[in-house]
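Trainee: Just a sequence and a predicted model for now, questions to come.
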Amino acid sequence: MKVRHIFLTSMAWFGATWGVCLHAEDELFRPIYLAEERIEAPESFERMASFNVESAQPMYAPAPVTSYCQEGWRLGVEATFLAPMGGNQQTWSLVNEQTSTVNSFATDAHGIEGLVPAPRFWVGYVCGNGWGVQARYWELNTSSNYSEPFFTLGEDYGYSSSTNLEMYAFDLEVVKEFCIYDWNMVGTFGYRHALRDYNETTNTLASINRGGGGTDLFAGTASGISLFEGDGLTFSLSGYRCSSCCYGLQWFWNARGSVLFGDSRVGAQTSSVLNSPGGDVFQTNGGFAGDSDSLWIAEFQVGAQWSAQLKCLPGRFFVRGAFEYQYWGEVGAGAGATSTAGEAGVGSLTMNSLAPNDSLDLVGFAISTGIVW
């Protein structure tokens, strides 16, 4: 961990501790949700751990209410299943002038496809005044490999490709639980460290029979990488509302934004080689960019959760499902490279690499479970 990571983590933890200790009177949110006269509050998810059905009091019509937060731990584990969209692209093109054919390949056709599992964990503690601290961690780490062996089914070329994507985010935040009318709200603000690392490689072998005898052999490679790692601020707001159709069921939404400052590096490299009776040809090219950079991240969830009182422990169990979308913004620069080797009248092999500064979108769903006690 870099020095700035340690410094920002320490500052975030100090701020979280300060927030918990100095807001016992809870003046900050008082104008938002505190009524002049105490009225019955809607039963919130966090307060239901001590709920007793036999002694339950009727809940009145929604109105601005005082928050009755339950002091205790909040922890959970979540399985997100997200499909990445965007990223690098490596391609090659083989032109055979003897047969007037063109064969090509692009990694986006055989890269990371479908939903990718990515776990999320969180643990926190909330005081009776609604203030608390929490830590969260989310990680997506996946790869895809594809190959078509040389001379398969009589073809005169073969190739392979590899795509790797690694992303993670660590948050350390101050938490505030409060109520607005019949919505139970959770707001957070704190420190985030995150990484996005996307790299791809493709390799090609090919042969073309010369009209006058002999064979031209081609080989090529193309690779690209786009990396960002940085620290910054994260903030979120969540809302929970009890469903009228089923006891213990709640609708919820969650929105989070982050702005990070760190280092971005993008690079692209290609090479193309021809071994021919008429002479050898070799070409290699590359591009690189790297600098201090910033990155915006937006996350959104909407879904439903169900909870029930535990019989053996003084806590409440919950399970939830939701649609999830994440947007990881553009980095500051892109890179590209192209290399070609060939012989006139026979053929050529062109390798292309593109590491753009494009954003990366993640779309899918999340299933989570946890406990409040």
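Mentor: That came in fine, so what should we check first?

Trainee: confidence score at the closest residue to G124 other than its chain neighbours?
Mentor: With Cβ to Cβ, 6 or more residues apart in numbering as the criterion, G124 has its nearest non-adjacent residue at 2.7 Å, and that residue is Q134. No exception for glycine: its C-beta is placed from N, CA and C like everyone else's. Here, the pLDDT recorded for Q134 equals 96.

Trainee: how many neighbours does Q134 have?
Mentor: Neighbourhood size, Q134 [other Cβ atoms under 10 Å]: 21.

Trainee: go on, L354?
Mentor: Count around L354 with other Cβ under 10 Å applied: 25.

Trainee: Cross-check the contact I'm expecting between it and A268.
Mentor: Yes: look at L354 against A268 with Cβ atoms under 8 Å: they come within range, at 6.4 Å.

Trainee: what touches both of those two?
Mentor: G224, A335, G336 (Cβ atoms under 8 Å, 6 or more residues apart in numbering).

Trainee: Please give me every residue in contact with the residue nearest to G124.
Mentor: Contacts of Q134 by Cβ under 8 Å, 6+ apart are R74, W122, V123, G124, Y125, D171, L172, E173, V175, T188.

Trainee: Who does it form a beta bridge with?
Mentor: Counting by DSSP bridges, Q134 forms beta bridges with G124, E173.

Trainee: Same question for F317.
Mentor: Per DSSP bridges, the residues bridged to F317 are A308, I371.

Trainee: And it, how close does it get to F178?
Mentor: Plainly put, F317 is 23 Å away from F178 if you go by Cβ to Cβ, to the nearest Å.

Trainee: Looking at these two, which one has more neighbours?
Mentor: Each of F317 and F178 has its neighbours counted (other Cβ under 10 Å); F178 has more, 23 against 16.

Trainee: which SS state does the more buried one fall under?
Mentor: Using DSSP: H, G, I helix; E, B strand; the rest coil, the secondary structure recorded for F178 is strand.

Trainee: out of the shared contacts of L354 and A268, who's nearest A344?
Mentor: Of all the shared contacts of L354 and A268, G336 has the smallest distance to A344: 26.0 Å, by Cβ to Cβ.

Trainee: Name the next helix or strand downstream of the helix or strand that contains the closest one, please.
Mentor: Per DSSP states H and E, G336 falls inside strand 335-343. Using DSSP H and E, the next helix or strand after strand 335-343 towards the C-terminus is strand 347-355.

Trainee: And the pLDDT at S55?
Mentor: Predicted confidence (pLDDT) for S55: 45.

Trainee: Renumber starting at 731 from here on
Mentor: Okay, residue one is now 731; in that scheme the one you just asked about reads as S785.

Trainee: ok, now which ones touch V916?
Mentor: If a contact means Cβ under 8 Å, 6+ apart, then V916 has V905, K906, E907, S966, L967, S968, G969, Y970 as its contacts.

Trainee: Helices of the protein, residue ranges please.
Mentor: Remark: helices assigned in the chain by DSSP state H are 733-752, 760-763.

Trainee: got a list of what the residue of the chain most remote from its centre touches?
Mentor: Distance from the C-alpha centroid of the chain, by Cα atoms, centre = their mean, peaks at G942 (55.2 Å). Counting by Cβ under 8 Å, 6+ apart, G942 touches no other residue.

Trainee: what does the one 5 residues further on give?
Mentor: If you count contacts by Cβ under 8 Å, 6+ apart, L947 has them with L935, A936, S937, L1004, N1005, S1006.

Trainee: Isn't C909 up against M915?
Mentor: Yes: at 6.4 Å, C909 and M915 qualify as touching, with contact defined as Cβ under 8 Å.

Trainee: Pick out whichever of the two has more residues nearby.
Mentor: Taking other Cβ under 10 Å, C909 and M915 do not tie; C909 has more neighbours (25 against 21).

Trainee: Beta-bridge partners for that one, please?
Mentor: The partner residues for C909, given DSSP bridges, come to N914.

Trainee: gap between it and Q1039?
Mentor: Here C909 is placed at a distance of 21 Å from Q1039 (Cβ to Cβ).

Trainee: Model confidence for A1052, exactly?
Mentor: A1052 carries a pLDDT value of 96.

Trainee: quick one: contacts for the residue nearest to it when sequence neighbours are not counted?
Mentor: Spatial nearest neighbour of A1052, chain neighbours left out: G1033 (2.7 Å); criterion: Cβ to Cβ, 6+ apart. Contacts for G1033 (Cβ under 8 Å, 6+ apart) come out as W981, F982, W983, R1050, G1051, A1052, F1053, A1096.

Trainee: Buried ones among those?
Mentor: Neighbour-count burial (16 or more other Cβ atoms under 10 Å) applied to the contacts of G1033 gives F982, W983, R1050, A1052, A1096.

Trainee: any idea how far R866 is from the second one?
Mentor: If you measure W983 against R866 using Cβ to Cβ, the figure is 17 Å.

Trainee: try the last one
Mentor: Here A1096 is placed at a distance of 13 Å from R866 (Cβ to Cβ).

Trainee: Mutual contacts of the two, please.
Mentor: Here A1096 and R866 share the contacting residues R850, scored by Cβ under 8 Å, 6+ apart.

Trainee: about what we covered before: out of the contacts of L947, which is nearest to Q828?
Mentor: Closest to Q828 out of these is S937 (11.0 Å), distances taken as Cβ to Cβ.
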